[in-house]
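In: Next input, structure requested:
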Amino acid sequence: MGDITQLPTLDGTLYIAGVYDCFDSECVGLAMDENMRDELTQDALKMTSNRYNIKGATFHSDFGSQYTSHKFKCLAKKLKITQSMSLAKLSCYVKNIGL
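Out: Residues are numbered from 1 along each chain as shown. Next up is the predicted model:
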């Protein structure tokens, strides 16, 4: 699963996109940037695919524009992963653990 968070710093806001393993909540991919550009989530997913065999995996996220972009969908297809998104207005983490 993936999500983006903001971290305020003295130099400005840092945006962090993480990819997490639902089994043990381990962070398996990460990308950081000074803006929340479209490629941020793609970079995190690419890092994950470089470290692990994710072919056939399901990637769960919210409906954020970075995850619904054409480029992200093409990357998911190229990596042979299935996208899953929350239907409710809940965090994908809450939805995943059944709360």
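In: the longest helix in this structure is where?
Out: helix 39-51 (DSSP state H).
In: so after that one, what's the next helix or strand?
Out: Counting by DSSP states H and E, the element after helix 39-51 in chain order, helix or strand, is strand 58-61.
In: Relative to that next one, what are the paired strands and their orientations?
Out: Counting by DSSP bridges, the strands paired with strand 58-61 are strand 82-85 (parallel).
In: average model confidence for the partner strand?
Out: The pLDDT scores in strand 82-85 average 92.
In: which other residues reach that strand?
Out: Under the contact criterion C-beta atoms under 8 Å, 6 or more residues apart in numbering, strand 82-85 has outside partners Ala57, Thr58, Phe59, His60, Ser61, Asp62, Phe63, Tyr67, Thr68, Lys73, Ala76, Cys92. To be clear about C-beta, it is placed using only N, CA and C from the backbone, and glycine gets the same treatment.
In: ok, 6 Å please
Out: Thr58, Phe59, His60, Ser61, Phe63, Ala76 (C-beta atoms under 6 Å, 6 or more residues apart in numbering).
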